[in-house]
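1. Sequence and predicted structure below; questions after.
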Amino acid sequence: MPRWMHSLDEIAAPRAFLAALAYAFTQPQDARVRRTGTLTILEASLGARAEWAMLALFVLLSSLTVSAPVAFRRGRSAASRRSLAITRRWLGDNAP
């Protein structure tokens with residue numbers, strides 16, 4: 001497993017949040033998706049309430065790749081250990 005992945009085992013929640021935020025805003029392909037999704041919603045002229053609702057839905061759906069594993073771990077702790085261990089092993093084998 002790469003050294004940087006081992007350092008994630010001991011990272012505190014605030015630092016993990018800041019690292020994720022920095023990563024999210026430095027990825028050009030992610031910025032394009034966010035910009036395109038936001039502009040598409042705003043250009044649809046749905047009205048303020050509907051636009052806010054669609055933007056909230058967009059944020060919710062786009063955050064599922066992060067929030068789903070966290071919710072899985074919090075809600076089904078015992079069952080999630082095996083699945084998350086498999087995922088971690090796959091990431092270690094395929095990380096640059």
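-> Good, I have the coordinates.
2. alpha carbons only for contacts and neighbour counts from here, please
-> Noted.
3. now the end-to-end length of stretch 53-69.
-> For stretch 53-69, the first-to-last residue distance is 24 Å (CA to CA, to the nearest Å).
4. Now do the buried residues in that stretch.
-> Met54, Leu55 (16 or more other CA atoms under 10 Å).
5. Distance from the chain centre to that stretch, please.
-> Centroid separation for stretch 53-69 versus its chain: 8 Å, with CA atoms, centre = their mean, to the nearest Å.
6. ok, now stretch 50-58?
-> Counting by CA atoms, centre = their mean, stretch 50-58 comes out at 18 Å from the chain centroid.
7. For it, which outside residues touch it?
-> Gly37, Thr38, Ile41, Leu42, Ser45 (CA atoms under 8 Å, 6 or more residues apart in numbering).
8. What strand or helix carries the first one?
-> Going back to what we said before, that points to Gly37. Counting by DSSP states H and E, the element that carries Gly37 is helix 28-43.
9. State the distance from Met5 to Leu91.
-> Taking CA to CA, one finds Met5 at 9 Å from Leu91.
10. go on, Leu8?
-> 13 Å.
11. Got phi/psi on Gln27?
-> phi -100, psi 110 (degrees, to the nearest 10).
12. one step back: what is the helix holding Gly37 packed up against?
-> helix 13-26, helix 48-62 (3 or more CA pairs under 8 Å, 6 or more residues apart in numbering; DSSP states H and E).
13. which residues of the protein score low on pLDDT?
-> 1, 96 (pLDDT under 70).
14. how close does Ala68 sit to Leu84?
-> 12 Å.
15. Show me which helix runs longest in this protein.
-> Assignment by DSSP state H gives helix 77-94 as the longest helix of the chain.
16. Return the set of buried residues in that one.
-> Quick answer for helix 77-94 (16+ other CA under 10 Å): Ser80.
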